[in-house]
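[1] Predicted model and sequence follow; I will ask about them next.
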Amino acid sequence: MDWQELGLTAARALLVYAAMLLVIRLLGKRTIGNFTAFDLLIALMLGEVVDEIIYGDVTLLQGFTAIMVVALAKYVTSWLTYWDHGLNRFFEGKPTELVRNGEIVRRGLRHELMNEKEVMAALRLQGVTDLREVKLAMLEVDGLLSVIRHQWAEPLQKYDLHGLKPDDVAGDEIRTDAPEAIG
Amino acid sequence: MDPGRIAVRALVAYAYLLFQTRVTGKRVVSQATPIDLIVSLIVGDLIDDMLWGEVSAAKFACAVGVIMASEVLVKLGAHRWTWFHKLVNGSPVAVMHDGAEDRRALRGEILNEQDLKHLLRQHGIEDAKRDEVRTAYVETDHHLSVIPRPDAEVAQKEDRWPGLPGS
């Protein structure tokens, strides 16, 4: 067993770990995670280049150049999508409407290659079993379904129990001059 | 390398990773934070060279051990010292106050208006209901958490039936 080589491997692994920690902190919270398919791809890329670095198949300089270039490219893209100019659509796609006013949107389903059963399953995960409750359901860029319910299907909130309709509630205060208000 | 040896190596790698994850705890190889995700990707990446016999099992064990140990030490440090936790994970950022967005805070997270809309939609909040948000935070695991105005909180049984046992 080559102890010197093992020691070097350990040192390189430590450096790689530190570099990854640094990259993730610099790129910010949204950048690496399951935010969008592209973000996940970046994480996979960063994870995939390191074995050659740790095992010493490439030099540290080569390895860290690759990591930094990928990180920098991701950072620049994040700002480009922040300023938008239509780049958001290009890098992240745009959300697709799947249900509107209690009815399935066929075009949206076709666009996402989903069928009705899959939509109902995604809705069940959000606690919705009746399509009529849904005002708007969108497949977001991170692949999760977001659901806006019709007002009548929303859970009760405290102000509802004070005899106020949602429209009577404005700003920070409960309007006490509303007809049904009981205080 | 002949298939028999590859099979043995695969089994050894499997057993070693199982041992490592059990020793280091479930928080390490989960996708709770970005670094957890990266660590599991790195470990997965280190296996294949060992399977094809390009590196020795000792070298593989050493590399995985160091990565996992670093992760555990960082977690321990973050648990122990608040400043270290902040250094490694960053802090939650309030991006909405009293129904209004904080553009500077959003900018600091490289999030634009569309991104905020998206994050709020995932809480079932459309634009018309924004004034029901008291504070919204982008947490360190890059999720949005929403604290509603007191009167807009979800109603509880107690609101309807005051004096229930335990209230």
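    Sure thing, it's come through. Numbers count the residues shown, from 1 in each chain, chains lettered A, B, ... in the order given.
[2] Which strand or helix spans whichever residue of chain A sits closest to chain B?
    Going by Cβ to the nearest Cβ, chain B is nearest to A:Gly47 of chain A, at 2.7 Å. Heads up, the C-betas are built off the backbone N, CA and C, glycines and all. A:Gly47 belongs to helix A:37-48 when assigned by DSSP states H and E.
[3] how distant is that helix from the center of its chain?
    Offset of helix A:37-48 from its chain centre (Cα atoms, centre = their mean, to the nearest Å): 14 Å.
[4] do stretch B:141-151 as well
    Put simply, stretch B:141-151 sits 17 Å off its chain's centre (Cα atoms, centre = their mean).
[5] Now name the helix or strand holding the one residue in chain B that gets nearest to chain A.
    Proximity of chain B to chain A (Cβ to the nearest Cβ) peaks at B:Leu41, 2.7 Å away. Element membership for B:Leu41 (DSSP H and E) is helix B:34-51.
[6] Would you check how far apart the residue of chain B closest to chain A and A:Val16 are?
    Distance of B:Leu41 to A:Val16, computed by Cβ to Cβ, to the nearest Å: 12 Å.
[7] The two: which is more packed in?
    A:Val16 (25 against 18; other Cβ atoms under 10 Å in any protein chain shown).
[8] ok so, going back, which residues touch the residue of chain A closest to chain B?
    Contacts for A:Gly47 were tallied using Cβ atoms under 8 Å, 6 or more residues apart in numbering or on different chains; they are B:38, B:41-42, B:44-45.
[9] One more pass at 6 Å, please.
    By Cβ atoms under 6 Å, 6 or more residues apart in numbering or on different chains, A:Gly47 lies in contact with B:38, B:41-42, B:45.
[10] got the contact list for the lengthiest helix in chain B?
    The helix spanning the most residues in chain B, taking DSSP state H as the definition, is helix B:57-80. If you take Cβ under 6 Å, 6+ apart as the criterion, helix B:57-80 is touched by A:1, A:6, A:9-10, A:13-14, A:17, A:54, B:20, B:24, B:28, B:39, B:42-43, B:46, B:50, B:84-85, B:88.
[11] Buried ones from those residues, can you make that a ChimeraX selection?
    The following ChimeraX line selects those of the contacts of helix B:57-80 that are buried, judged by 16 or more other Cβ atoms under 10 Å in any protein chain shown:
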select /A:6,9,10,13,14,17,54 /B:20,24,28,39,42,43,46,50,85,88
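[12] Now intersect the contacts of helix B:57-80 with the helices, please.
    Counting by DSSP H, the contacts of helix B:57-80 place A:6, A:9-10, A:13-14, A:17, A:54, B:20, B:24, B:39, B:42-43, B:46, B:50, B:84-85, B:88 in helices.
[13] Quick one: mean pLDDT over stretch A:140-153.
    For stretch A:140-153, mean pLDDT is 90.
[14] Also stretch B:153-167?
    For stretch B:153-167, the per-residue pLDDT averages 86.
[15] Also stretch B:58-75?
    For stretch B:58-75, the mean confidence score works out to 91.
[16] repeat for stretch A:97-106
    Stretch A:97-106 shows a mean pLDDT of 95.
[17] how about the helices of chain A, start to end?
    A:3-27, A:37-48, A:50-55, A:60-83, A:87-92, A:106-111, A:116-125.
[18] out of the ones you listed, deepest packed?
    helix A:50-55 (a mean of 24; mean count of other Cβ atoms under 10 Å in any protein chain shown).
[19] Need the residues that contact that one.
    Residues contacting helix A:50-55 (Cβ under 6 Å, 6+ apart): A:12-13, A:16, A:58, A:63, B:42, B:45-46, B:49, B:55, B:63.
[20] Can you redo those as TSV, where the extra columns are distance to A:Pro95?
    Below are those laid out as TSV (distance: Cβ to Cβ, whole Å):
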residue	distance to A:Pro95
A:Arg12	42
A:Ala13	40
A:Val16	36
A:Val58	40
A:Gly63	37
B:Ile42	32
B:Asp45	32
B:Leu46	37
B:Asp49	40
B:Val55	44
B:Ala63	41
